[in-house]
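Compute the structure for the input listed below.
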Amino acid sequence: MNDKFQGNMQKYLVDGGSLPREPIPSSVTGRLPTLTELENYALEQWECFLLQLINSSQVERGTSFSSSMMKTFQRGLLSSRDGDAPKLSENGFQFLLMETNVQLWYIMREYISSAEERGVDPTELISFLLELSFHTLGAVKLIASIL
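Take a look at the predicted model:
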C-alpha cells in the first residue's frame, strides 16, 4: 500500500470514519454566495466553456479558464491542420451531444490523466477530488489536511 494512503486509512479508521474538518471563521468568509448564485455561476461557466469549444474567436476573452485548463479540456475535442485555428473534431461534436454529467466525467478523466504534464501528482489530485466529494454544495468547511 502507498504510505500516504496507509496513513490516511489508519487515521480514518481511528477517528471512527469521520474526516477532520473545521469551520472557517466568519471573519474570513465575508459574504458567501447563495446556492442559487453558485448554481447560476456554474451554469454560466459551463456555457462559456462549451462556447469556447465551438468557436473560441466568438467568445468574450473575460473567461476564468487558464490556457492550460483549456488545453486539458480540448484534448481530443479539437483538431487543427497546418497552423489553422483549431476546429471542433468529430469527437468534439459527439461530446457536445452527451449529457452534462457524462461530459463532466470525460473532463475529469482528461484532467487527471494530464496532471503529470502540469507537474501535479495524480494520486494527490484524486485524493483531493475524493475529499471534495464529501462536502456539501454551499457549505464552507476548511479541509484540515488537504493532501
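
Span of stretch 77-90 from start to end?
Counting by C-alpha to C-alpha, to the nearest Å, you get 8 Å between the two ends of stretch 77-90.

Check which helices and strands the longest helix belonging to the chain is in contact with.
For the chain, the longest helix by residue count, based on DSSP state H, is helix 35-55. Contact here means 3 or more C-beta pairs under 8 Å, 6 or more residues apart in numbering; DSSP states H and E; on that basis helix 35-55 packs against helix 67-74, helix 90-97. (C-beta placed from N, C-alpha, C; glycine too.)

Select from those the stretch with the lowest mean pLDDT.
Between the helices and strands packed on helix 35-55, the one with the least mean pLDDT is helix 67-74; it has a mean of 69.

Now do whichever helix or strand comes after that helix, average pLDDT.
Counting by DSSP states H and E, the element after helix 67-74 in chain order, helix or strand, is strand 78-79. Strand 78-79 shows an average pLDDT of 78 in the prediction.

just stretch 125-143 next, same as before
What stretch 125-143 shows for mean pLDDT is 73.

which stretch of helix or strand covers residue 32?
Using DSSP H and E, residue 32 maps to neither a helix nor a strand.

care to break this structure down by domain?
34-71+85-95, 98-146 (the TED database).

okay, the ones you listed in TSV with mean neighbour count and distance to residue 77 next?
Below are the domains of the chain laid out as TSV (neighbours: other C-beta atoms under 10 Å; distance: least, C-beta to C-beta, whole Å):
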stretch	mean neighbour count	distance to residue 77
domain 34-71+85-95	13	4
domain 98-146	12	9
